[in-house]
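> Quick one: sequence and predicted model below, then my questions.
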There are 2 protein chains.
Amino acid sequence: MQGETLLYLTDEQLRQGAEAMFFAYRGFTADPDRILASLSYGRAHHRALHFIHGAPGTTVNNLLTTLGVTKQSLNRVLRTLIGDGLVESRVGRVDKRERHLYLTPEGEALERELSEVQRARLRAAFRDAGPEAVAGFRRVLEAMMDPEMRRQYERLREGRG
Amino acid sequence: MQGETLLYLTDEQLRQGAEAMFFAYRGFTADPDRILASLSYGRAHHRALHFIHGAPGTTVNNLLTTLGVTKQSLNRVLRTLIGDGLVESRVGRVDKRERHLYLTPEGEALERELSEVQRARLRAAFRDAGPEAVAGFRRVLEAMMDPEMRRQYERLREGRG
DNA sequence: TTGGAATGTCAACAAGACTGACATAAAATC
DNA sequence: GATTTTATGTCAGTCTTGTTGACATTCCAA
């Protein structure tokens, strides 16, 4: 057995890292998924609610580049959310081609419910692992993103200060 | 602005952690996805190859609890992999109801190709972030899993020594 | 030996991703 | 002013991958 500083880049360690990502992501989505299933929504609806909440007034185009899906796919989700009164779509004032998206109070309520169960799990995990582990966690995740996604991620962070 | 040790559990920090998971997971799967798409396979095929590689001779039942899908869903994926000659299914010798799953040489080759691009990204991320960050990353991910998944994850690790 | 439990297969269906084609309205450009 | 580009929405069709239901086979225990 070699020392930790040499060992951490072996294929076996990398394989374990991949499996950790797989299982952790399942845990990460499990709690919101349960709520969504009871409302016959899916993860796509959650993601839309999440990013509209985080960037109110965002356009459809912004949202679909953030989510990395096609407009047809996003549109189906948005149509149900708007139809169910969770999202409001307002015609742009300066550019009337654009639709600006906002959560209604009902939309905010569901977003809060979903994000709260997800935050609860993250909070517990962060508390268990400790602050230094959390810093490392963040550093590795950021290094794992595509450069384009990292830019989006940082833009979202800056947008909220 | 408060100190890091207090700040790390605020809702904003947790929200950023959630977004980091979202974007990082997309990066994590992006490279294998490209190869899979060119073969008209999906992530489900990758996962099956990965876990059969890691536990040769595993049964269908084992595999579906590991993957967290229904047997019917897994069966469709296995059927194509078996039909394409990447996986071999052998009737159990002691219990003939069971099918034991193995990768053929072709299956091993594809698994290696997929896992290699994924490992390459992880390797780069781990190198960028440094060993302490990697340890923290692993600690947080493990804390994020459901207890049941964590047991499976640890069992897989032990199985490979 | 008979009936239940476990294992796996096939069929049909739904969610949600995709592409391609097309329509509309507004903005930008020539 | 005419044309092109941009932003969005919609329809139709396909694919992956999840679901449930029905069923066959095998094992085991009453």
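Looks like it came in fine.

> tell me the secondary structure for A:Leu101?
strand (DSSP: H, G, I helix; E, B strand; the rest coil).

> Does it touch A:Val91 like I think?
No: using C-beta atoms under 8 Å, A:Leu101 makes no contact with A:Val91, being 11.4 Å away. The way it works is simple: take the backbone N, C-alpha and C, and place the C-beta from them, glycine included.

> which of those two has more neighbours?
More crowded of A:Leu101 and A:Val91, by other C-beta atoms under 10 Å in any protein chain shown: A:Leu101, with 24 against 10.

> what's the residue nearest the centre of chain A in contact with, if anything?
Central residue of chain A (C-alpha atoms, centre = their mean): A:Arg47, 5.7 Å from the mean position. Contacts for A:Arg47 (C-beta atoms under 8 Å, 6 or more residues apart in numbering or on different chains) come out as A:Leu67, B:Phe22.

> gap between it and B:Leu114?
Going from A:Arg47 to B:Leu114 by C-beta to C-beta, to the nearest Å gives 25 Å.

> do A:Leu110 as well
Taken as C-beta to C-beta, the span from A:Leu110 to B:Leu114 is 37 Å.

> sorry, back to before: per-residue pLDDT, the residue nearest to the centre of chain A?
For A:Arg47, the model assigns a pLDDT of 92.

> buried stuff in the helix or strand harbouring it?
A:Arg47 is part of helix A:43-54 when elements are defined by DSSP states H and E. Going by neighbour count (16 or more other C-beta atoms under 10 Å in any protein chain shown), the buried part of helix A:43-54 is A:Ala44, A:His45, A:His46, A:Arg47, A:Ala48, A:Leu49, A:His50, A:Phe51, A:Ile52, A:His53, A:Gly54.

> And for stretch A:57-73?
For stretch A:57-73, using 16+ other C-beta under 10 Å, the buried residues are A:Thr58, A:Thr59, A:Val60, A:Asn62, A:Leu63, A:Leu64, A:Thr66, A:Leu67, A:Gly68, A:Val69.
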